[in-house]
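[1] here you go, sequence then predicted model.
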Amino acid sequence: MIPTVGVTRYVTPLREGGSLPGLVEADDLGTYVCKFRGAGQGVRVLVAEVVVGGLAERLGLDTPRMVALDLDPEIARYEADEEVQDLLNASPGLNLGTDFLPGSFGYDGDPPEGADPARVLWLDAFTANVDRTWRNPNLLIWHGDLWVIDHGACLYFHHGWSGGIGDPQRFAQQSWSPDDHVFLAYSRELGRVDDEARALLGPDVFTEVLAEVPDAWLEPVPGADSPDAVRAAYVGFLTARLESAHWLPRAVAS
């Protein structure tokens, strides 16, 4: 499981996103962007963050280190903003923290030297990410490197699990459009990246990545009544996707 640290202070809300993440300090002396389990999107967004962040690392992409932030709602007593108070009170226990990258700035359309935009595009196609557009690139430049952040809009299939685990083959065959993607122009390189990426992933890797997800976020659903059963379902969906080529976009002429 990702490391667990305790929240010692809520610093400030980050109002760029709809879920109202916040900057917090923790007992390991780290500063983290906290995404709260009590936010409207629920804990499955936190699962997607950990899973896709882990896949990004294995593909050689930079993404902030993640921890589980143990939050005592008592911290809410010292927060004047009622909206933030409500969110803190709704989020006891484990929340998601990603390393705060001080001095980073948003992607401005010029990939830094050494970056591989096509690999980011491949990852987003594989995980069905719908949130890396020019309107919201979810990319940072830090120390001259490209960092991918905010993976919560990936793995849409798990939002339909309320009625039970669905069909992995449906996700495997589901197409994905790059038309609004910030790296659309790099689709011509997907053939090269596809061979490289598939060689780096597989069921064993997916199992390792799912082992990083806290049990508390893996809520039981019909057909998977324990955290390990839910992990196995994710592995099955990702494996089926990897074994298919239907989702890989065709190259778009630049």
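    Received the coordinates, thanks.

[2] and the helix or strand harbouring residue 146, what's buried?
    Assessed by DSSP states H and E, residue 146 sits inside strand 145-148. Applying a neighbour-count criterion of 16 or more other Cβ atoms under 10 Å, one finds 146, 147, 148 buried in strand 145-148. For the C-beta atoms, the positions are set from N, CA and C on the backbone; glycine is no exception.

[3] just the closest of the residues you listed to residue 205, please.
    Using Cβ to Cβ, residue 148 is the member of the buried residues of strand 145-148 that lies nearest residue 205, at 17.4 Å.

[4] what's opposite that closest one in the beta bridge?
    On the basis of DSSP bridges, residue 148 is bridged to residue 139.

[5] return the residues in contact with it.
    56, 61, 62, 63, 120, 123, 138, 139 (Cβ atoms under 8 Å, 6 or more residues apart in numbering).

[6] please apply the same query to residue 56.
    So residue 56 contacts 62, 63, 123, 148, 151 (Cβ under 8 Å, 6+ apart).

[7] the same query, at a cut-off of 10 Å, please.
    Going by Cβ atoms under 10 Å, 6 or more residues apart in numbering, residue 56 touches 62, 63, 119, 120, 123, 124, 127, 147, 148, 149, 151.

[8] now, the residues you listed that are in strands?
    147, 148 (DSSP state E).

[9] by neighbours, which of the contacts of residue 56 wins?
    residue 151 (28 neighbours; other Cβ atoms under 10 Å).

[10] and the host helix or strand of residue 47, which residues are buried?
    Take DSSP H and E as the rule and residue 47 turns out to sit in helix 43-58. Going by neighbour count (16+ other Cβ under 10 Å), the buried part of helix 43-58 is 43-56, 58.

[11] what residue spans form the domains of the protein?
    4-99, 105-150+157-242 (automatic domain parsing).

[12] now those in a markdown table, with mean pLDDT and distance to residue 250?
    Shown next, in a markdown table, are the domains of the chain (pLDDT from 0 to 100; distance: least, Cβ to Cβ, whole Å):
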| stretch | mean pLDDT | distance to residue 250 |
| --- | --- | --- |
| domain 4-99 | 94 | 21 |
| domain 105-150+157-242 | 96 | 7 |
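
[13] mind giving me CSV with these and columns for distance to residue 249?
    As requested, these are exported to CSV (distance: least, Cβ to Cβ, whole Å):
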stretch, distance to residue 249
domain 4-99, 17
domain 105-150+157-242, 5
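
[14] determine which of the ones you listed approaches residue 248 most closely.
    Comparing these under Cβ to Cβ, the one sitting nearest is domain 105-150+157-242, at 6.0 Å.

[15] report the separation between the two terminal residues of the closest one.
    33 Å (Cα to Cα, to the nearest Å).

[16] relative to the whole chain's centre, how far out is it?
    Offset of domain 105-150+157-242 from its chain centre (Cα atoms, centre = their mean, to the nearest Å): 8 Å.

[17] let me know the closest of the buried residues of strand 145-148 to residue 188.
    Once Cβ to Cβ is applied, the member of the buried residues of strand 145-148 that ends up nearest residue 188 is residue 146, at 18.8 Å.
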